[in-house]
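Undergrad: sequence and predicted structure below; questions after.
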Protein chains: 2
Amino acid sequence: MTLPATTLQIRTLVRHNGELELSLHEEPIPQPAANEVVVRVEAAPMNPSDLGLLFGAADMRTAKASGTASRPVVTASIPEVAMKSMAARLDQSMQVGNEGAGVVVAAGASPAAQALMGRTVAMIGGAMYTQYRCIDAAQCMPLPEGTTPAEGASSFVNPLTALGMVETMRREGHKALVHTAAASNLGQMLNRICIQDGIGLVNIVRKKEQEDILRAIGAKYVCNATSPDFMQELTDALVATGATLAFDAIGGGKLAGQILTCMEVAANKTAKEYSRYGSNVYKQVYIYGSLDSRPTELSRAFGLTWGVGGWLLTPFLQKIGPAEIGRLRQRVASELKTTFASHYTQVVSLQETLQLPNIAIYNKRSTGEKFLINPNKG
Amino acid sequence: MTLPATTLQIRTLVRHNGELELSLHEEPIPQPAANEVVVRVEAAPMNPSDLGLLFGAADMRTAKASGTASRPVVTASIPEVAMKSMAARLDQSMQVGNEGAGVVVAAGASPAAQALMGRTVAMIGGAMYTQYRCIDAAQCMPLPEGTTPAEGASSFVNPLTALGMVETMRREGHKALVHTAAASNLGQMLNRICIQDGIGLVNIVRKKEQEDILRAIGAKYVCNATSPDFMQELTDALVATGATLAFDAIGGGKLAGQILTCMEVAANKTAKEYSRYGSNVYKQVYIYGSLDSRPTELSRAFGLTWGVGGWLLTPFLQKIGPAEIGRLRQRVASELKTTFASHYTQVVSLQETLQLPNIAIYNKRSTGEKFLINPNKG
């Protein structure tokens, strides 16, 4: 095929006057360097981290549409109090999309690049909400025969995050896990991994449907945070599994603290004598998302042997190094249609991505509503 | 001298019906074993950790006095919601007092114990609010000639905590410190250590008098959390010192989160490009006290590269091991009247410790009001 001269891509811009602008931008497709390939992007998921970059701190209830059908523009206001957190990206038109998949349509001269010609590949590296992505061959993972771009679009962020949670558990000396917002694509992957690897996993959700989703795939411990007996039910599950490490996608409100409180109660069930500082069992909650943007509220009714912190995939991968990353990626590739399968509710074009009714749906970030972008959708 | 047969000591008891009872209890002084000594306790400080054990979760506004002048009894109610945190100490009459100092009046047969006979020693090990304490010789530190028990009473908790903060900073790769409630005895020690060792220290206080106390002993960075420009002033001090580690005695409210927010702003002042997850500079707040018992409120406006956790002296000492502990203790002993000097506002007997007007003063836990107990005060 002949490569077009330009590629259309989504851009996000935060202006210093407090306005967010989303638009489509056309730019030349570069000639691939020796180690690079050009990929026709056919599938890129909208992960929470992508939405964070796309919308920044804007209040999307203020969103307005303008532009044309083929070149829609969305603007929205950013509350003044949130502008400080936007300081580092002010007035820069930014590309979006952490990961995606597609077909290699041009390749540089190197053997590694040439080997990918015509292959369907998954990619990580940003700027994936574009029709054609020029990228280093090393950032591509060739997908097994018979795998579509849609099936391979989420090969990195969710799978490596789920595997990273299990690996973090092992490295930091915990024996079981707690996960919140547990019915998400990521949460379902984590359940399949833990079932396969024989690891205790306590799932925390907020809705009956989410409980059902998880029980249907074999989850043993599912606690509903809206249950009147939530604290007791969570404590029981913690005693049963011995989980002292939680990964929390919610962030805001009391949940992280409630988890630590229940872990402390569970730890004290086996304590022999009173310690005025609480149990000496180390309890950790890593916050890796911010589905609830309110402050995290910690009651500290759990002694002094605890930690709460941020957790992020990239520094984790830097810590474990290339050999270990390769081992994890290999597992993802070989279990892409089973353990690491993702589900999307809608496939949208770049233009459809910027339509207000669609934004209203996928920006709810609720389990069960996940969009896939096909930048080459007709 | 002849040893009396019994020793009077302070006891704290939380009953399962939600009542706290403080009282004096008389019990036999044991014959010291070979490795033990009996110390006539003449000075024991009331540290926040002692108050935590003494009063538990009781609401001391409900305190009532009974008993006699020589055997006062204090009772108070524990809010029902707080009883869960008392579960492990229910219906156990507990001794109080982490550390103290006095004169060795009897010794077991071992050379180590005999060597302490007649010496003034500092002790760590609990149950110090007693007239005579039988204790392992290894838990005693002989004080230099000319040191009084009052001067040596706080030889462990505050000095080792202050040194432990600096040591933690070094071990975890930070280069400067933030400290809250910074005008306390502990905070003043920390200033003297940091000045001596050339370490940047940002002091956070809430009152003008506390600023003055710290500036008078040479503190360079003092931020008042009640200043309208607190966040800016703290950020400036963080930029100047490069501090990315804080020790927080307050615990409750927004302060820990504000420190992380300012650390993030300080880190981003030198950042080269925008990261949607915030700076990659690791920022840590250790909460080691709970002067404010409200929940800790974290806005999370500081990216994902951060941690908040409990910090406790004992696990820290276990981590660094005996040789390192010995080195720290040696420094404390040799600088007891300078770097590690403590100041008390009142010296009270065991009976006076249980008088409601005194409790009302020392239980405020405010800087500038620190009591020393002399269990042998006439």
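TA: In hand now; what should we look at? As the structure is a computational prediction, the values presented were derived from the model and not from experiment.
Undergrad: around chain B, pick out the residues from the stretch 151-300 of chain A.
TA: Selection of the stretch 151-300 of chain A residues close to chain B by CB under 8 Å from any CB of the partner chain yields A:251-252, A:254, A:257, A:265, A:268, A:271, A:273-277, A:280, A:287-288, A:290, A:295-300. No exception for glycine: its C-beta is placed from N, CA and C like everyone else's.
Undergrad: please redo it, this time with the cut-off set to 7 Å
TA: A:251, A:257, A:268, A:271, A:274, A:276-277, A:280, A:290, A:295-300 (CB under 7 Å from any CB of the partner chain).
Undergrad: and A:Gly307, backbone torsions?
TA: phi -150, psi 150 (degrees, to the nearest 10).
Undergrad: all helices for the stretch 51-200 of chain A, in order.
TA: A:111-114, A:149-152, A:157-171, A:185-197 (DSSP state H, counting those that start in this stretch).
Undergrad: may I see the buried residues of the host helix or strand of A:Asp212?
TA: Per DSSP states H and E: A:Asp212 is located in helix A:208-216. For helix A:208-216, a neighbour-count test (16 or more other CB atoms under 10 Å in any protein chain shown) marks A:210-211, A:213-214 as buried.
Undergrad: list the neighbouring strands of whichever helix or strand comes after that helix plus their orientation.
TA: Helices and strands here follow DSSP H and E; after helix A:208-216, the next one along the chain is strand A:221-224. Paired strands of strand A:221-224, with direction, are strand A:200-205 (parallel) (DSSP bridges).
Undergrad: and the partner strand, average pLDDT?
TA: Strand A:200-205 comes out with an average pLDDT of 98.
Undergrad: okay, the angle between that strand and helix A:208-216?
TA: Strand A:200-205 and helix A:208-216 are oriented at 160 degrees to each other (axes from the mean of the first three to the mean of the last three CA atoms, to 10 degrees).
Undergrad: tell me which residues are up against strand A:200-205.
TA: Here strand A:200-205 makes contact (CB atoms under 7 Å, 6 or more residues apart in numbering or on different chains) with A:176-180, A:182-183, A:187, A:190-191, A:194, A:211, A:214, A:219, A:221-225, A:237-238, A:241-243.
Undergrad: picking that back up, can you add mean neighbour count, mean pLDDT and distance to B:Arg133 and give the helices of the stretch 51-200 of chain A back as CSV?
TA: Below are the helices of the stretch 51-200 of chain A laid out as CSV (neighbours: other CB atoms under 10 Å in any protein chain shown; pLDDT from 0 to 100; distance: least, CB to CB, whole Å):
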stretch, mean neighbour count, mean pLDDT, distance to B:Arg133
helix A:111-114, 16, 97, 73
helix A:149-152, 22, 96, 70
helix A:157-171, 21, 97, 43
helix A:185-197, 21, 96, 51
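Undergrad: same list (those) but as CSV, adding distance to B:Tyr344.
TA: CSV is the format used below for the helices of the stretch 51-200 of chain A (distance: least, CB to CB, whole Å):
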stretch, distance to B:Tyr344
helix A:111-114, 72
helix A:149-152, 69
helix A:157-171, 46
helix A:185-197, 54
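Undergrad: B:Asp91 is nearest to which of those?
TA: B:Asp91 lies closest to helix A:157-171 among the helices of the stretch 51-200 of chain A, at 37.5 Å (CB to CB).
Undergrad: mind saving the C-alpha coords of that closest one as CSV?
TA: Taking C-alpha atoms only, helix A:157-171 is exported to CSV below (Å, rounded to 0.1, in the frame of the first residue of the first chain):
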residue,chain,number,x,y,z
VAL,A,157,-1.0,-1.1,30.5
ASN,A,158,-3.6,-3.4,32.2
PRO,A,159,-1.8,-6.7,31.8
LEU,A,160,1.6,-5.3,33.1
THR,A,161,-0.2,-3.4,35.9
ALA,A,162,-2.0,-6.6,37.0
LEU,A,163,1.2,-8.6,36.8
GLY,A,164,3.0,-5.8,38.5
MET,A,165,0.7,-5.9,41.5
VAL,A,166,1.3,-9.6,41.9
GLU,A,167,5.1,-9.1,41.5
THR,A,168,5.0,-6.2,44.0
MET,A,169,3.2,-8.4,46.5
ARG,A,170,6.0,-11.1,46.2
ARG,A,171,8.9,-8.6,46.3
